[in-house]
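Enquirer: build me a structure from this.
(one chain, ligands or ions: 2)
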Amino acid sequence: MIQHVPAASEIIAREEASGRRWQDEMADLVTDPAELVRLLGLDPKQLPDALRAAGGFALRVPRPYLRRMRPGDPQDPLLLQVLPGAPELEPAAGFSGDPLGEAHANPVPGVVHKYRGRLLLIAAGQCAINCRYCFRREFPYGDNHLSRTQWQGALEYIRGQDGLREVILSGGDPLVLNDRQLARLAGELAAVPHLDKLRVHTRLPVVAPSRITDELLAWLAGTRLKPVLVLHCNHANEIDGEVRAGLQRLRAAGVTLLNQAVLLRGVNDSVAALSALGEALFDSGVLPYYLHQLDRVRGAAHFEVDDETALELVRGVREQLPGYLVPRLVREIPGERSKTPL
Ligand SMILES: *Cc1c(COP(=O)(O)O)cnc(C)c1O
Ligand code: SF4
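Expert: Ligands and ions are numbered 1, 2, ... in the order given. Model prediction:
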């Protein structure tokens, strides 16, 4: 059990936050590196590099997530995931703009169909946060922002795929859409006879827990489709009391909760960090699912952990935790029919 004793400032911040709607959180993101540096009391010397790197891929961080960072600590594991920095601008061999070849797996706009029985529906181009290691940092979201006719085209494609069992709402982050839009989409998918599961890949319950609304619970758990939510959380410090409460509500509504993390140098590349993450997830009703080896996207080379070290880490976690809290270490290889276990 992770003991987390909140500081007084944290309790006040949480009380202030709890009255806010998620739409307010989305309208009030921190996007200016100077503000981030000031709020966290960091050395302003970091600023010129941050500004340069943010020019290529903007800074975006919701305030509830920022409040879980340790002030004054340039190595904070949450800060490192969002702060633009000079290493991003270094060219690195083998790191490209579209490492997964997704630009070629689009049968119709908004659909990425690479694996049998399931496909990704790119429901929204935007994310609530910009993670520096994101494999979609150069993905042509503009072309994948669905218009009404494109929605119909994507649904038409789904209806025509008899072997399909599961639609995965992905992005970007699908939960940046509002619940009215999502409820309509869930209804249309539930009307497709060959589907039996509805999955959501999202980071929003972690970075802005007020997103877990009654309306969300209603559409996600309210159709005949079995609901699965795959969270994206990389470090135990990302889970505070409010995040835990939101996840427990999802669980109570009958949603299967899994987590995918990305193995990131300097953030979670230790047996202690990965074990603490597994325990914190379980405490919130979530089971670890995947631990991803980084996709080799341009600008993220400094986060890479080599395969030998990655295997060593997972072996270490297996010695610490019950087997059901050990994630599968995988890599995504373009052209393969599933994620590839290491
Ligand atoms: C990861 C991924 C999935 C889901 O894979 P699972 O192993 O079922 O979690 C589906 N489609 C695409 C294109 C993916 O990248
Ligand atoms: S939440 Fe996922 S898709 Fe969005 S920026 Fe982070 S890694 Fe990328």
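Enquirer: just after the lowest-mean-pLDDT helix or strand in the chain, pick out the following helix or strand.
Expert: Lowest on mean pLDDT, DSSP states H and E among the helices and strands of the chain sits helix 8-18, with a mean of 49. Later in the chain than helix 8-18, the nearest helix or strand by DSSP states H and E is helix 22-27.
Enquirer: distance of the closest residue to residue 264 other than its chain neighbours relative to residue 226?
Expert: In space, and not counting its chain neighbours, residue 264 is closest to residue 303: 4.6 Å by CB to CB, 6 or more residues apart in numbering. For glycine as for every other residue, the C-beta is placed from the backbone atoms N, C-alpha and C. For residue 303, the distance to residue 226 (CB to CB, to the nearest Å) stands at 34 Å.
Enquirer: and those two? Which one has more around it.
Expert: residue 303 (22 against 16; other CB atoms under 10 Å).
Enquirer: residues in contact with the more buried one?
Expert: Counting by CB atoms under 8 Å, 6 or more residues apart in numbering, residue 303 touches 132-133, 262, 264-267, 294.
Enquirer: separation between it and residue 169?
Expert: Taken as CB to CB, the span from residue 303 to residue 169 is 26 Å.
Enquirer: around ligand 2, which positions in the stretch 101-250 of the chain sit nearby?
Expert: Listed as neighbours of ligand 2 in the stretch 101-250 of the chain under the rule CB under 6 Å from any ligand atom: 127, 129-131, 134, 136, 171, 173, 203, 232.
Enquirer: one more time with 5 Å
Expert: Proximity of the stretch 101-250 of the chain to ligand 2, by CB under 5 Å from any ligand atom, involves residues 127, 131, 134, 203.
Enquirer: mind checking the SS state of the one residue in the stretch 1-150 of the chain that gets nearest to ligand 1?
Expert: Nearest residue of the stretch 1-150 of the chain to ligand 1 (CB to the nearest ligand atom) works out as residue 114 at 4.0 Å. Secondary structure for residue 114, judged by DSSP: H, G, I helix; E, B strand; the rest coil, is strand.
Enquirer: distance check, it against residue 192.
Expert: With the distance defined as CB to CB, residue 114 ends up 20 Å from residue 192.
Enquirer: for residue 105, same thing?
Expert: For residue 105, the distance to residue 192 (CB to CB) stands at 21 Å.
Enquirer: just residue 200 next, same as before
Expert: 17 Å.
Enquirer: check residue 63 too.
Expert: Counting by CB to CB, the gap from residue 63 to residue 192 is 38 Å.
Enquirer: name the helix or strand for residue 47, please.
Expert: Following DSSP H and E, one finds residue 47 within helix 47-56.
Enquirer: flag every buried residue along that helix.
Expert: Using 16 or more other CB atoms under 10 Å as the test for burial, helix 47-56 gives 49-50, 53-54.
Enquirer: export those residues to TSV and append columns for distance to residue 36 and pLDDT.
Expert: Formatted as TSV, the buried residues of helix 47-56 follow (distance: CB to CB, whole Å; pLDDT from 0 to 100):
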residue	distance to residue 36	pLDDT
49	13	95
50	8	95
53	12	95
54	10	95
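Enquirer: just send those back as JSON lines, with distance to residue 282 too.
Expert: Below are the buried residues of helix 47-56 laid out as JSON lines (distance: CB to CB, whole Å):
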{"residue": "49", "distance to residue 282": "38"}
{"residue": "50", "distance to residue 282": "35"}
{"residue": "53", "distance to residue 282": "35"}
{"residue": "54", "distance to residue 282": "35"}
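Enquirer: closest one to ligand 2 out of those residues, please.
Expert: Looking across these and measuring by CB to the nearest ligand atom, the closest to ligand 2 is residue 54, at 13.8 Å.
Enquirer: nearest spatial neighbour of that closest one, chain-adjacent residues omitted?
Expert: Sequence neighbours aside, residue 84 is the residue nearest to residue 54 in space, at 4.2 Å (criterion: CB to CB, 6+ apart).
Enquirer: run a quick neighbour tally on the one you found.
Expert: A count of nearby residues for residue 84, using other CB under 10 Å, gives 24.
Enquirer: from the middle of its chain, how far away would stretch 220-233 be?
Expert: Centroid separation for stretch 220-233 versus its chain: 15 Å, with CA atoms, centre = their mean, to the nearest Å.
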